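Q: All I have is the shape, not the residue letters:
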(Lines give C-alpha, C1' and ligand atoms only; values in the text may rest on other atoms or scores of the structure.)
Protein backbone atom coordinates (compact mmCIF):
# COMPACT_ATOMS: atom_id res chain seq x y z
CA UNK A 1 0.00 0.00 0.00
CA UNK A 2 2.98 2.26 -0.50
CA UNK A 3 1.06 4.73 -2.67
CA UNK A 4 -1.98 5.18 -0.40
CA UNK A 5 -1.61 7.80 2.34
CA UNK A 6 -2.88 6.74 5.77
CA UNK A 7 -5.62 9.14 6.86
CA UNK A 8 -8.63 9.30 9.15
CA UNK A 9 -10.83 11.07 6.58
CA UNK A 10 -11.07 10.49 2.85
CA UNK A 11 -13.11 12.75 0.59
CA UNK A 12 -13.32 10.95 -2.70
CA UNK A 13 -16.76 12.18 -3.73
CA UNK A 14 -17.22 12.91 -7.43
CA UNK A 15 -13.95 11.20 -8.36
CA UNK A 16 -13.39 8.33 -10.75
CA UNK A 17 -12.46 5.85 -8.03
CA UNK A 18 -13.48 2.25 -8.72
CA UNK A 19 -14.42 -0.60 -6.41
CA UNK A 20 -10.86 -1.90 -6.71
CA UNK A 21 -9.32 1.49 -5.96
CA UNK A 22 -11.55 2.00 -2.94
CA UNK A 23 -10.66 -1.46 -1.67
CA UNK A 24 -7.00 -0.45 -1.73
CA UNK A 25 -7.72 2.82 0.11
CA UNK A 26 -9.75 1.25 2.92
CA UNK A 27 -7.41 -1.73 3.29
CA UNK A 28 -4.55 0.70 3.89
CA UNK A 29 -6.61 2.72 6.40
CA UNK A 30 -8.15 0.42 9.02
CA UNK A 31 -8.61 3.37 11.40
CA UNK A 32 -10.61 5.35 8.84
CA UNK A 33 -13.35 7.37 10.56
CA UNK A 34 -15.02 9.27 7.72
CA UNK A 35 -15.44 8.36 4.05
CA UNK A 36 -17.13 10.34 1.31
CA UNK A 37 -17.61 8.46 -1.95
CA UNK A 38 -20.71 10.35 -3.07
CA UNK A 39 -21.37 10.38 -6.82
CA UNK A 40 -18.72 7.75 -7.47
CA UNK A 41 -19.12 4.77 -9.78
CA UNK A 42 -18.92 2.15 -7.02
CA UNK A 43 -21.10 -0.82 -6.16
CA UNK A 44 -22.06 -3.09 -3.28
CA UNK A 45 -18.52 -4.49 -3.46
CA UNK A 46 -17.23 -1.19 -2.11
CA UNK A 47 -19.61 -1.31 0.84
CA UNK A 48 -18.44 -4.86 1.62
CA UNK A 49 -14.84 -3.68 1.47
CA UNK A 50 -15.53 -0.75 3.80
CA UNK A 51 -17.21 -3.06 6.32
CA UNK A 52 -14.30 -5.52 6.14
CA UNK A 53 -11.40 -3.07 6.26
CA UNK A 54 -12.73 0.01 8.12
CA UNK A 55 -14.92 -1.34 10.92
CA UNK A 56 -14.49 1.82 13.03
CA UNK A 57 -15.99 4.09 10.39
CA UNK A 58 -18.32 6.71 11.89
CA UNK A 59 -19.47 8.67 8.84
CA UNK A 60 -20.21 7.21 5.41
CA UNK A 61 -21.40 9.38 2.53
CA UNK A 62 -22.68 7.44 -0.47
CA UNK A 63 -25.18 9.92 -1.94
CA UNK A 64 -25.84 9.43 -5.65
CA UNK A 65 -23.97 6.11 -5.85
CA UNK A 66 -26.68 4.59 -8.01
CA UNK A 67 -25.15 1.10 -8.15
CA UNK A 68 -25.39 0.61 -4.39
CA UNK A 69 -28.45 -1.43 -3.46
CA UNK A 70 -30.76 -1.42 -0.44
CA UNK A 71 -29.12 -4.63 0.72
CA UNK A 72 -25.67 -3.01 0.83
CA UNK A 73 -27.05 -0.01 2.72
CA UNK A 74 -28.55 -2.33 5.33
CA UNK A 75 -25.24 -4.23 5.52
CA UNK A 76 -23.45 -0.93 6.20
CA UNK A 77 -25.98 -0.03 8.90
CA UNK A 78 -25.63 -3.38 10.64
CA UNK A 79 -21.96 -4.13 9.91
CA UNK A 80 -20.39 -0.79 10.85
CA UNK A 81 -21.01 -0.83 14.59
CA UNK A 82 -19.57 2.63 15.26
CA UNK A 83 -21.44 4.32 12.39
CA UNK A 84 -23.06 7.57 13.51
CA UNK A 85 -24.12 9.08 10.19
CA UNK A 86 -24.97 7.67 6.77
CA UNK A 87 -25.83 9.86 3.80
CA UNK A 88 -27.55 7.74 1.17
CA UNK A 89 -29.55 10.57 -0.35
CA UNK A 90 -30.43 10.37 -4.01
CA UNK A 91 -30.08 6.59 -4.01
CA UNK A 92 -32.82 4.45 -5.44
CA UNK A 93 -33.08 2.65 -2.09
CA UNK A 94 -36.10 3.39 0.03
CA UNK A 95 -36.74 0.08 1.79
CA UNK A 96 -34.33 0.70 4.65
CA UNK A 97 -36.59 2.49 7.13
CA UNK A 98 -37.26 -0.71 9.10
CA UNK A 99 -33.55 -1.18 9.79
CA UNK A 100 -32.97 2.52 10.47
CA UNK A 101 -35.69 2.55 13.14
CA UNK A 102 -33.73 -0.03 15.18
CA UNK A 103 -30.40 1.80 15.15
CA UNK A 104 -28.97 4.94 16.65
CA UNK A 105 -27.63 6.32 13.34
CA UNK A 106 -28.48 9.53 11.56
CA UNK A 107 -29.51 8.50 8.06
CA UNK A 108 -30.14 10.98 5.28
CA UNK A 109 -32.14 9.67 2.35
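A: Looks like it came in fine. Quick caveat: nothing in here was measured; it's all calculated off a predicted structure. Residues are numbered from 1 along each chain as shown.
Q: for the chain, what are the low-confidence residue spans?
A: In the predicted model of the chain, residues 1-3, 92-101, 104, 109 satisfy pLDDT under 70.
Q: can you do 90?
A: Low-confidence segments of the chain, defined by pLDDT under 90: 1-7, 66, 69-71, 74, 88-109.
Q: how about the strands in it?
A: Counting by DSSP state E, the chain has strands at residues 9-11, 34-36, 59-61, 85-87, 106-108.
Q: Of these, which is nearest residue 26?
A: Among the strands of the chain, strand 34-36 comes nearest to residue 26, with 7.4 Å by Cβ to Cβ. Yep, even glycine has a C-beta here, placed from its N, CA and C like the rest.
Q: Can you add distance to residue 73 and mean neighbour count and give the strands of the chain back as a markdown table?
A: As requested, the strands of the chain are arranged in a markdown table below (distance: least, Cβ to Cβ, whole Å; neighbours: other Cβ atoms under 10 Å):
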| stretch | distance to residue 73 | mean neighbour count |
| --- | --- | --- |
| strand 9-11 | 19 | 15 |
| strand 34-36 | 14 | 21 |
| strand 59-61 | 10 | 22 |
| strand 85-87 | 7 | 19 |
| strand 106-108 | 9 | 14 |
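Q: The spatially most central residue of the chain bridge partners, please.
A: For the chain, residue 60 is the residue whose C-alpha lies nearest the centre (Cα atoms, centre = their mean; 4.5 Å). Beta bridges link residue 60 to residue 35, residue 86 when assigned by DSSP bridges.
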